[in-house]
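Peer 1: predicted coordinates and the sequence they were generated for:
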Amino acid sequence: MSNRTRQTKNRKPGSPRSYKKLDWLLPRLGGVVLGGIFFYAGLQKHYHDWDFADAVLAYQLGPIWLAGLVAAVLPWVELTAGGLLVVGLKRRSCLLLIVLLAASFLIVLGVTMARGLQIDCGCGLFFQRQVGVVAVLEDLVLLAWAAGLYWWELKAVSRY
Amino acid sequence: MTRRGFFRQDLAWAAFLLVLAAAFGLAKHWPLVNLSFQGKLVAHLEERRAHRRQAQFQGVRTLNLAQAYELFQKGQSLFIDARKPEEYAELHITGAVNLSPEKLQKPDNPDLSGIAKERQIVVYCAEAHCDIALKVAEKLQSLGFTQVAAFLGGFKGWDEAGYPVDTSQ
């Protein structure tokens, strides 16, 4: 059976074509916005690398050489994942990277809050933000967003 | 291909992109990475912070821990805690009053009306990395206070030195 015939057979009777467009548009729009957020975040960290290194050191997690490594690598992971997601290349892999970033940061936030450290999270896009409930909620939203988009796209691609 | 197959493929590409991004990051920020491996990153950041503060807060006098404690012992200086009220309430330098940047924004602040303009004032915030003490000191100077200084060690430095602290309001 050809793809076209399968699509015609699987389409519910009376369902308008606009639903199909929405099904295609929404995840892509969601990906562009999410990618844009991470690309911008990566750009901020890239151009303020020494300030970001200072913020990473404040978490006091691991040796100083590790803080330097994180400060150098993390901005580029955000730039790569965010940028490619915006232009639509390897979207699902970029979403997986963003899920990894968000999940790792959630663990770091949890450990920092448990230790009672009151520091700048280094994650504020437009203004400084302290490590706390707001930062955790923001990260949870990004994690759910990326994971949800990935699941949606995986379902769509494995349907055919 | 099954869903699992697509997932494995996505994972492989994600790993590749991660390695590629890491390589670019290391190459672009090599000076930072090199300093961190040599154990000189903290000193370099301290130097940068000192230069930035000097440029940004040119007119503000600064004090180290020893100088701040000397003034505390003389008993003539007013210590101002520039942290949030809840941090102040938990623990602060003995005799310090709380004046956060938000309180300072209010016009005709009653907290300031009772303080003589020539009174020796020492402002501090949470720790050495914090710039709030410098901002509050600068603002106080703009309001006409002539003997203002910022203690750069922060409450953390004071507390770690074992100097007098209090929880009273």
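Peer 2: Okay, I see it.
Peer 1: going forward, measure contacts between C-alpha atoms and count neighbours the same way
Peer 2: Noted.
Peer 1: roughly how far apart are A:Leu95 and A:Trp145?
Peer 2: According to CA to CA, to the nearest Å, A:Leu95 and A:Trp145 sit 9 Å apart.
Peer 1: got the phi/psi numbers for B:Glu127?
Peer 2: phi -160, psi -180 (degrees, to the nearest 10).
Peer 1: so which strand or helix has B:Leu26?
Peer 2: helix B:3-28 (DSSP states H and E).
Peer 1: circling back: tell me which of A:Leu95 and A:Trp145 has more neighbours.
Peer 2: Neighbour count, other CA atoms under 10 Å in any protein chain shown: between A:Leu95 and A:Trp145, A:Leu95 has more, with 29 against 18.
Peer 1: helix or strand for the more buried one, which one?
Peer 2: Here A:Leu95 is assigned to helix A:91-114, by DSSP H and E.
Peer 1: pLDDT value on the residue positioned nearest the centre of chain A, please?
Peer 2: Central residue of chain A (CA atoms, centre = their mean): A:Ile98, 3.5 Å from the mean position. On pLDDT, A:Ile98 comes in at 97.
Peer 1: for it, list the residues it contacts.
Peer 2: Contact partners of A:Ile98, counting by CA atoms under 8 Å, 6 or more residues apart in numbering or on different chains, are A:78, A:81, A:143, A:146.
Peer 1: now do the SS call for the last one.
Peer 2: Assigned by DSSP: H, G, I helix; E, B strand; the rest coil, the conformation of A:Ala146 is helix.
Peer 1: again, but for A:Cys123
Peer 2: Relying on three-state DSSP, one would call A:Cys123 coil.
Peer 1: so who does it touch?
Peer 2: A:41, A:129, A:135.
Peer 1: next one: the helix or strand containing the last one to chain centre, how far?
Peer 2: It stands for A:Ala135. A:Ala135 is part of helix A:133-157, with elements assigned from DSSP H and E. Distance of helix A:133-157 from the chain centroid (CA atoms, centre = their mean, to the nearest Å) equals 7 Å.
Peer 1: what lies in contact with that helix?
Peer 2: A:27, A:30-31, A:34, A:92, A:95-96, A:98-99, A:102-103, A:105-106, A:109-110, A:121, A:123, A:129, B:3, B:6-7.
Peer 1: tell me the pLDDT at B:Ser168?
Peer 2: Model confidence at B:Ser168, given as pLDDT, is 68.
Peer 1: coming back round to it: what about the helix holding B:Leu26, average pLDDT?
Peer 2: 95.
Peer 1: ok, now stretch A:29-42?
Peer 2: 95.
Peer 1: now swap in stretch A:140-159 and tell me
Peer 2: Stretch A:140-159 shows a mean pLDDT of 92.
Peer 1: in that stretch, what's buried?
Peer 2: Going by neighbour count (16 or more other CA atoms under 10 Å in any protein chain shown), the buried part of stretch A:140-159 is A:140, A:142-143, A:145-147, A:149-150, A:153-154.
Peer 1: could you pull up phi and psi at B:Trp122?
Peer 2: Trp isn't right for residue B:122; it's Val. Dihedral angles of B:Val122 (phi, psi; degrees, to the nearest 10) stand at phi -120, psi 120.
Peer 1: number of residues surrounding it?
Peer 2: Count around B:Val122 with other CA under 10 Å applied: 24.
Peer 1: what stretches of the chain score poorly on pLDDT?
Peer 2: As the question left the chain open, I've gone with chain A. A:1-20, A:125-127, A:160 (pLDDT under 70).
Peer 1: the chain in question should be chain B.
Peer 2: If you take pLDDT under 70 as the line, chain B has these spans: B:107-111, B:168-169.
Peer 1: and it, which residues reach chain A?
Peer 2: B:1-3, B:6-7, B:10-11, B:13-14, B:17-18, B:21-26, B:28-30, B:32-33, B:35-39, B:41, B:45 (CA under 8 Å from any CA of the partner chain).
Peer 1: one more time with 7 Å
Peer 2: Residues of chain B lying close to chain A (CA under 7 Å from any CA of the partner chain) are B:1-3, B:10-11, B:13-14, B:18, B:21-22, B:24-26, B:29, B:32-33, B:36-37, B:39, B:45.
Peer 1: leaving out sequence neighbours, find the closest residue to the most centrally placed residue in chain B.
Peer 2: The centre of chain B sits closest to B:Cys130, judged by CA atoms, centre = their mean, with a distance of 0.4 Å. Spatially, and ignoring its direct neighbours in sequence, B:Cys130 is nearest to B:Gly154 (7.6 Å; CA to CA, 6 or more residues apart in numbering or on different chains).
Peer 1: burial of the one you found, as a residue count?
Peer 2: Neighbours of B:Gly154 (other CA under 10 Å): 25.
Peer 1: B:Ala133 now?
Peer 2: Count around B:Ala133 with other CA under 10 Å applied: 28.
Peer 1: look up how far A:Ala71 lies from it.
Peer 2: Counting by CA to CA, the gap from B:Ala133 to A:Ala71 is 27 Å.
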